[in-house]
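Novice: just the structure for this:
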Amino acid sequence: MRSKRSIYWALSVFLALPFLPASAPAAQYQGGGQGGGQGGGMRGGGQRGPMSTDDRLKQMTKDFNLTADQQSKIKPILVDSQKKMDDLRNDSSGDRQAMRSKMMDIQKDTNTQIRALLDDKQKDLFDKQQERMQNRQRRGPGGPGGPGGDNSGMGGPPDNN
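Specialist: Numbering: from 1, shown residues only. Predicted coordinates for the structure are as follows:
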């Protein structure tokens, strides 16, 4: 049961990543840089899991300079998306691949709906953020400097000449 919960948690974090800008320090998402958690979705105060819809909306407002009108239209999209994700996580069918596929579809649909509400400048920022997140996901967990990543900081072994 514990490993199933861990899988759901990991999927939640994976699917929440597109809402987090890659250019900001990770500590910003872990309690606002106030000595937050250890990464992987941890936030200040020991909370785990994806950001709340209010936190996501606040971050998007900051990242994309959303107007009050945009915020009022985006919040229901985020709430609906979160409900769908929660429903999937609570589904006990156990087919992880199908669940992952459905979660990715929900995320894609959510992003499409949000993007439609943005102006051209915001769309450019949103698209760049999405691209960075996809690149981060392709690199796998950790990336350079992380578990399984290139920890040398130089991209390869030193020359011994």
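
Novice: quick one: mean pLDDT over stretch 129-138.
Specialist: Mean per-residue pLDDT for stretch 129-138: 87.

Novice: and that stretch, which residues are buried?
Specialist: For stretch 129-138, the buried set under the neighbour-count rule, 16 or more other CB atoms under 10 Å, comprises 129-130, 132-133. C-betas here are computed from N, CA, C, even on glycine.

Novice: next: stretch 61-80.
Specialist: 63-64, 66, 70, 74, 77-78.

Novice: pick the one among those closest to Arg56.
Specialist: Arg56 has its nearest neighbour among these in Leu78, at 5.6 Å by CB to CB.

Novice: pLDDT below threshold where in the chain?
Specialist: Low-confidence segments of the chain (pLDDT under 70): 1-49, 140-161.

Novice: got CSV for the buried residues of stretch 61-80, with distance to Asp91 and secondary structure too?
Specialist: Formatted as CSV, those follow (distance: CB to CB, whole Å; DSSP: H, G, I helix; E, B strand; the rest coil):
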residue, distance to Asp91, secondary structure
Asp63, 31, helix
Phe64, 32, helix
Leu66, 32, coil
Gln70, 32, helix
Ile74, 26, helix
Ile77, 22, helix
Leu78, 21, helix
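
Novice: helices of this protein, start to end?
Specialist: Ranges of helices in the chain, per DSSP state H, are 2-16, 53-64, 68-90, 96-115, 120-139.

Novice: now the angle from the second one to helix 120-139?
Specialist: Angle, helix 53-64 to helix 120-139, by axes from the mean of the first three to the mean of the last three CA atoms, to 10 degrees: 110 degrees.

Novice: can you check the third one too?
Specialist: Computed with the same axes, to 10 degrees, the direction of helix 68-90 lies at 30 degrees from that of helix 120-139.

Novice: for the buried residues of stretch 129-138, which two are the farthest from each other?
Specialist: With CB to CB as the measure, no two of these lie farther apart than Gln130 and Arg132, at 7.4 Å.

Novice: between those two, what contacts are shared?
Specialist: Common contacts of Gln130 and Arg132 (CB atoms under 8 Å, 6 or more residues apart in numbering): none found.

Novice: quick one: which of the buried residues of stretch 129-138 is nearest Met99?
Specialist: So of the buried residues of stretch 129-138, ranked by how close each gets to Met99 (CB to CB), first place is Met133, at 20.0 Å.

Novice: most tightly surrounded among the helices of the chain?
Specialist: Highest mean neighbour count among the helices of the chain (mean count of other CB atoms under 10 Å): helix 53-64, with a mean of 17.
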